[in-house]
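1. below are the sequence and a predicted model for it; my questions follow.
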Amino acid sequence: LSPVCLGSLRRAASINAEYMGVPGSVLIDTKHGRDTTGKTGEALYALQKSISYFKHPSIKQAHRAHQWDLKNMLGITPYIKYVKADVRPFVERALELFKTKVVPVSKHFTTGVMHNDFNDANILVSEDGARVTGILDFGDTVYTWMVAELGVAMAYAMLTKYGKLIH
């Protein structure tokens, strides 16, 4: 995403949270350290625990085909041609391993509803970063393999600043 787009997303998240009366700042806009990163992990666990007990007719909306659902990873195969040539073999190998190692055993994976977009633009924290005050953007919520939630959160942590120590 471009810096303009990211800025717009940040403003939208802040406005949304403010409108909804949720205190705190979007994590992407804060300085934080290891304790805050740990708190985000605890918040993700609490969210998943809460969602697992959530019973409501609207939950059926999570049972859908979604391009960001990890179990649909093979759906990116037609787009490999757009990946840089020097990176393409790694992507092809990852897809091959997914198809031959993950898919055959996936019927044994625990499934449930997951947020699927747990990143620093969707996490609200207190001004001192000592606690998570809210989680935003449930638009990518899906019913899928529960292990994927941790994978998505860890990938974002590696790619964005919330997994890095910032002082």
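-> Sure, I can see it.

2. what comes up buried for the longest helix seen in the chain?
-> Counting residues, the longest helix found in the chain (DSSP state H) is helix 34-53. Residues T36, T37, K39, T40, A43, L44, L47, Q48, I51 are the ones in helix 34-53 that count as buried (16 or more other CB atoms under 10 Å). From N, CA and C alone the C-beta is placed, and that goes for glycine too.

3. could I get it in CSV with only the CA atoms?
-> The C-alpha coordinates for helix 34-53 follow below in CSV (Å, rounded to 0.1, in the frame of the first residue of the first chain):
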residue,chain,number,x,y,z
ARG,A,34,8.2,-5.8,24.0
ASP,A,35,5.5,-5.5,26.7
THR,A,36,3.0,-4.0,24.2
THR,A,37,3.8,-6.7,21.6
GLY,A,38,3.1,-9.3,24.3
LYS,A,39,-0.2,-7.6,25.2
THR,A,40,-1.3,-7.9,21.6
GLY,A,41,-0.6,-11.6,21.7
GLU,A,42,-2.7,-11.9,24.9
ALA,A,43,-5.5,-9.9,23.2
LEU,A,44,-5.5,-12.2,20.2
TYR,A,45,-5.8,-15.2,22.5
ALA,A,46,-8.6,-13.5,24.4
LEU,A,47,-10.4,-12.6,21.2
GLN,A,48,-10.1,-16.2,19.9
LYS,A,49,-11.4,-17.6,23.2
SER,A,50,-14.4,-15.2,23.1
ILE,A,51,-15.2,-15.9,19.4
SER,A,52,-15.2,-19.6,20.1
TYR,A,53,-18.1,-19.1,22.5
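
4. which other helices and strands contact it?
-> strand 111-114, strand 123-125, strand 132-135, helix 147-159 (3 or more CB pairs under 8 Å, 6 or more residues apart in numbering; DSSP states H and E).

5. any idea which of these is most buried?
-> strand 123-125 (a mean of 25; mean count of other CB atoms under 10 Å).

6. partners of that strand in the sheet?
-> Take DSSP bridges as the rule and strand 123-125 pairs in its sheet with strand 25-26 (antiparallel), strand 132-135 (antiparallel).

7. lowest-confidence stretch among the helices and strands packed on helix 34-53?
-> Mean pLDDT is lowest for helix 147-159 among the helices and strands packed on helix 34-53, at a mean of 86.

8. chain center to that helix: distance?
-> 6 Å (CA atoms, centre = their mean, to the nearest Å).

9. now that helix against helix 34-53, angle please.
-> If you take axes from the mean of the first three to the mean of the last three CA atoms, to 10 degrees, helix 147-159 sits at 160 degrees to helix 34-53.

10. and helix 147-159, what does it pack against?
-> By 3+ CB pairs under 8 Å, 6+ apart, helix 147-159 packs against helix 34-53, strand 111-114.

11. fine by me, thanks again.
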